[in-house]
Each structure stands twice: as structure tokens, then as C-alpha cells.
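S.K.: Got a sequence here, can you build the structure:
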Amino acid sequence: MASDSLMIALTLYRCGTLTFGQAATRAGQSPEAFARVLDRFDVPYRTEQADASFSEVTV
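M.R.: Alright, predicted model coming up:
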């Protein structure tokens, strides 16, 4: 049985609220383990673009 935090993270990822990394962290899973969860629940993996605010770094 999946934990509540895993199911919440999965739901938020599925609807686009969380990125893959955010959802894996919220679920307390490694990226590899979370990818297996996506497969198990037939949730498609999204290709995500980096947020523009994080892609530019001022030194």
C-alpha cells in the first residue's frame, strides 16, 4: 500500500503542480524509485523545461 505522502506527490505531479524532482522529494523517494511509481500507476513522465528564473545566474 502506498503512503499518503506518495499518493499526494503522485497526484500533484500528474496534474502538473509539481515537477518530477519536487514530487520525488515530497514522496520521500529517490528519482529512480519515483520513476518506478509512475510506471506502476501508469502516469506518463513529463519532459520538463528548466524554469527561466533558475537558468540565468548572476555572479
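S.K.: what ranges do the helices span in the chain?
M.R.: Taking DSSP state H, the helices of the chain run over residues 4-14, 20-27, 31-40, 52-55.
S.K.: Compare those helices and say which comes out lowest on pLDDT.
M.R.: Across these, helix 52-55 has the smallest mean pLDDT, namely a mean of 46.
S.K.: Minimum distance to Arg46: which of the helices of the chain has it?
M.R.: helix 20-27 (6.9 Å; C-beta to C-beta). Yep, even glycine has a C-beta here, placed from its N, CA and C like the rest.
S.K.: From Cys15, how far out is Glu32?
M.R.: 23 Å (C-beta to C-beta, to the nearest Å).
S.K.: circling back to that earlier point, will you turn the helices of the chain into a markdown table that also has distance to Arg46?
M.R.: Listed next are the helices of the chain as a markdown table, based on distance: least, C-beta to C-beta, whole Å:
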| stretch | distance to Arg46 |
| --- | --- |
| helix 4-14 | 8 |
| helix 20-27 | 7 |
| helix 31-40 | 10 |
| helix 52-55 | 17 |
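S.K.: now the ones you listed in JSON lines, with mean neighbour count?
M.R.: Shown next, in JSON lines, are these (neighbours: other C-beta atoms under 10 Å):
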{"stretch": "helix 4-14", "mean neighbour count": "17"}
{"stretch": "helix 20-27", "mean neighbour count": "18"}
{"stretch": "helix 31-40", "mean neighbour count": "14"}
{"stretch": "helix 52-55", "mean neighbour count": "7"}
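S.K.: what sits against the residue nearest the centre of the chain?
M.R.: Centroid-nearest residue in the chain, with C-alpha atoms, centre = their mean: Phe20, separated by 2.3 Å. Contacts for Phe20 were tallied using C-beta atoms under 8 Å, 6 or more residues apart in numbering; they are Tyr13, Pro31, Phe34, Tyr45, Arg46, Glu48.
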